[in-house]
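K.L.:
Quick one, what's the 3D model for this:
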Amino acid sequence: MPAPHSRAGARECDSRRVWLVALLWTVAIAARVVVGPHVVDDAYITMRYSRNLVATGALSYNPPDAVLGTSTPLWTAMLAATAAGGATPEQAAVVLSAAADLASIAVIVATAGPSFAAAAAALTIAARPAYVAYGLSGMETSLYVLLLVTFAATLSRGSVVGGGMAAALGALCRPDGALLGILGCGWFAATRGWRTALRFAAVVSLMCVPWALYAFVTFGSILPASVEAKAAAGDVWSLSLQNLVAYFLRGADAPVTALAAVGAAMILMTGTAFWKVWTLWMLAYLTVMTAANAFTHFPWYFVPVLPVAAASAACAAERGWCALARLRRRPIQPPLEHTPMPSAPGHPAATVLVVAVLGAVLLARMPVLRADLDAQSAGREALYASIAAGLAAEDSGCTVAATEIGTLGYHYPGRILDLVGLVSPEAIGRPAEAILAERRPRWLVTYDTHFDSRLAASVAFTDVYATRALLPVGAARQLAVFERRDRAGCAP
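P.N.:
Prediction:
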């Protein structure tokens, strides 16, 4: 039996975990209450899919068209499931994301203890502005991070079934979640042999194959049209690398990133299994996404990296602090066991104090974050929603073409023609003028920065489309609404 003092120490450690989680949850909830929901344009694509799934029983953006335009079937299904309780997709997305963030915090602290690394990762989820913004965006980001954390935790405990389930759900949450399956197979092959790795792969396959068969039969492919459209955008191959450098190596982020790189190396050499798995995912994710040129115009792809990067930086800082403390000891001091030492950074009391201070600092930034998000929404989501409502009131049986379809498509009940191709695969890789001539939408809604100015000024376009409205959005651009002169593109 364990000694009484061992049981007392375990209870004390559990108590510290509980207090740390309670503090982090308080900070996280306060941050989300202050900022409030700010659903972004791209999230509305999945929300329209979920709403149509409830209404028609089919996964379709423009019923009855069978086009897989959402890259997150798991999130779509979860939003649809909440409709039974009367929640709208916007409400469900924000609540589910907040719950996922709180769960991630609890899993991190429960697995890694009240350490600086755990506190840094959890505090990033709780109140770092870049993370909170997407936690309230309606996207699947928070759910994806929870699956990442759960995957690392279950693998660290050697759970084949738990790790396989987390990996499979990750793949159903986002296409890049397939990395979890590959990483899990490699981890178990290296630590427990190929038989265990094959068992892990069997669990992943058992959960993913039904969706793959459904997608292939229904849509003709398991690859979402949105992925094909982004791949066909023709961005220069180095754009992802440029964005990666700009996101992590600009200004004050540069020294933190350097510290994180050092910490990641330390974790891979001497860290626990939990941190090793999560760090290996980070390195694999950054490498694959950069090589695939996926870090283009979608900054939320960087968000899942933030917690583990913060933990890596905290690990390096903690090691540096401890090394400095050892160097400052005087030879004339009594032996260490008789000398009270200051709390090291890894000491639970110091951890809680640092979390409290940094949490207060981050919470002080939430009003600024809210103001920024309000301004962005006013020039995008709110504007699109008002235009969609006006067009729907005029005639909801007409087709609307757009270069951004999220908010517009969610608030307009009729058919949407996506000129980028996310939900309209016939538009992928084709010029806008050809699609407009072929599909003859009644309205075209687009930012002038998203539409070829030469086409907009051409006689071929102005003979067919009249300018309905030009709405200034700041000093840099305006949102244009065009209408066909012959008013075609409407249902009889």
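
K.L.:
Mind jotting down where the strands sit in this structure?
P.N.:
400-402, 416-418, 443-447, 465-473, 477-484 (DSSP state E).

K.L.:
wait, which of those is closest to Ser104?
P.N.:
Closest approach to Ser104 among these is made by strand 416-418 (32.7 Å; Cβ to Cβ). Where you see a C-beta, it was placed from the backbone N, CA and C, and this is true even at glycine.

K.L.:
on contacts alone, who are the packing partners of that closest one?
P.N.:
strand 400-402 (3 or more Cβ pairs under 8 Å, 6 or more residues apart in numbering; DSSP states H and E).

K.L.:
Partner strands of the strand it packs on and their direction?
P.N.:
Take DSSP bridges as the rule and strand 400-402 pairs in its sheet with strand 416-418 (parallel), strand 443-447 (parallel).

K.L.:
List the contacts of it.
P.N.:
388, 391, 408-409, 412, 414-419, 435-436, 439, 441-446 (Cβ atoms under 8 Å, 6 or more residues apart in numbering).

K.L.:
Skip the chain neighbours and tell me the closest residue to the residue nearest the centre of the chain.
P.N.:
The chain has Thr141 as the residue nearest its centroid, 2.5 Å off, counting by Cα atoms, centre = their mean. Closest residue to Thr141 apart from its sequence neighbours, by Cβ to Cβ, 6 or more residues apart in numbering: Tyr134 at 4.5 Å.

K.L.:
Mean pLDDT added to the strands of the chain, as TSV?
P.N.:
Formatted as TSV, the strands of the chain follow (pLDDT from 0 to 100):
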stretch	mean pLDDT
strand 400-402	96
strand 416-418	96
strand 443-447	95
strand 465-473	92
strand 477-484	94
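
K.L.:
Just the pLDDT for Gly234.
P.N.:
Note on Gly234: pLDDT of 64.

K.L.:
ok, back up a step: burial count for the residue nearest to Thr141?
P.N.:
Tyr134 has 23 neighbours, counted by other Cβ atoms under 10 Å.

K.L.:
and it, what does it touch?
P.N.:
Residues near Tyr134 by Cβ under 8 Å, 6+ apart: Val40, Thr141, Ser142, Trp300, Val303.

K.L.:
Among these, which are located in helices?
P.N.:
Residues of the contacts of Tyr134 located in helices (DSSP state H): Thr141, Ser142.

K.L.:
right, and the pair among the contacts of Tyr134 with maximum separation?
P.N.:
Largest separation among these by Cβ to Cβ: Val40 and Ser142, giving 13.3 Å.

K.L.:
Could you measure from Thr76 over to Gly186?
P.N.:
Distance check for Thr76 against Gly186: by Cβ to Cβ, to the nearest Å, it reads 29 Å.

K.L.:
ok so, going back, wait, the residue nearest to the centre of the chain sits on Val305?
P.N.:
No: if you go by Cβ atoms under 8 Å, Thr141 and Val305 don't touch, sitting 11.2 Å apart.

K.L.:
sorry, back to before: dump the contacts of Tyr134 to a markdown table, plus pLDDT and distance to Ala197.
P.N.:
Shown next, in a markdown table, are these (pLDDT from 0 to 100; distance: Cβ to Cβ, whole Å):
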| residue | pLDDT | distance to Ala197 |
| --- | --- | --- |
| Val40 | 95 | 38 |
| Thr141 | 96 | 29 |
| Ser142 | 98 | 29 |
| Trp300 | 86 | 31 |
| Val303 | 95 | 30 |
